[in-house]
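Novice: Predicted model, plus sequence, below.
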Amino acid sequence: MVLDQLDPGALLSRTYQLPAGPRVRLRLARRSDRVGLARLLEQRGIEPSTLQLERLVRYDPRRRLVICATTPLDGTEAIVGVGAIELDSSELEPDTIVVDDRLTDGLADLLAAALVGRAGRRVA
């Protein structure tokens, strides 16, 4: 997987094989992800507040982009990563990236590339 050759338009329509770990699918975060996101954050030692969780699942897509990485795990779609970026910022850098490092080597880079690629396309 070559991160600098990712097509921002196709990012959310396919799965990605990580260097080490399962295949993941990237998609926009949605309200039903609240429990899965809380589980991921708590797993990483982050005690999310209600406001922090709400900010990940309720956002204005014209101003903020939040992408979840999911993989099939134990018969369900598990959230193994999340990333967010402000679209109206002068610097196109993710402000949030949290991944389950036990399962997903390379996912942080994939999420960062996806966020910056999509944000750059939206801002341009």
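Specialist: Everything's here; your move.
Novice: Only C-alpha atoms from now on, for both contacts and neighbour counts.
Specialist: Will do.
Novice: secondary structure element for the residue lying closest to Ile97 once chain neighbours are set aside?
Specialist: What sits nearest to Ile97 in space, not counting adjacent residues and going by C-alpha to C-alpha, 6 or more residues apart in numbering, is Gly83, at 4.2 Å. Assigned by DSSP states H and E, Gly83 belongs to strand 76-86.
Novice: Could you point out the helix or strand that follows that strand?
Specialist: strand 96-99.
Novice: which helices and strands sit right next to that following strand?
Specialist: helix 34-43, strand 76-86, helix 107-123 (3 or more C-alpha pairs under 8 Å, 6 or more residues apart in numbering; DSSP states H and E).
Novice: Residues in contact with that strand: which ones?
Specialist: Applying C-alpha atoms under 8 Å, 6 or more residues apart in numbering, the external contacts of strand 96-99 come out as 40-41, 44, 80-85, 107-108, 111-112.
Novice: neighbours of the closest residue in space to Arg23 that isn't next to it in sequence, just the number please.
Specialist: Nearest non-adjacent residue to Arg23, counting by C-alpha to C-alpha, 6+ apart: Gln17, 4.4 Å away. Residues near Gln17, counting by other C-alpha atoms under 10 Å, number 14.
Novice: Over to the one 5 residues further on?
Specialist: A total of 16 residues lie near Pro22 under the criterion other C-alpha under 10 Å.
Novice: Might you report the residue contacts of it?
Specialist: Contacts of Pro22 (C-alpha under 8 Å, 6+ apart): Thr71, Leu103, Thr104.
Novice: separation between it and Asp33?
Specialist: 20 Å (C-alpha to C-alpha, to the nearest Å).
Novice: Quick check, Leu115 in contact with Leu87.
Specialist: No. Leu115 sits out of contact with Leu87 when judged by C-alpha atoms under 8 Å, with a separation of 9.6 Å.
Novice: Give me the more crowded residue out of the two.
Specialist: Leu115 (26 against 23).
Novice: ok, now how distant is that one from Glu86?
Specialist: Distance from Leu115 to Glu86, by C-alpha to C-alpha: 9 Å.
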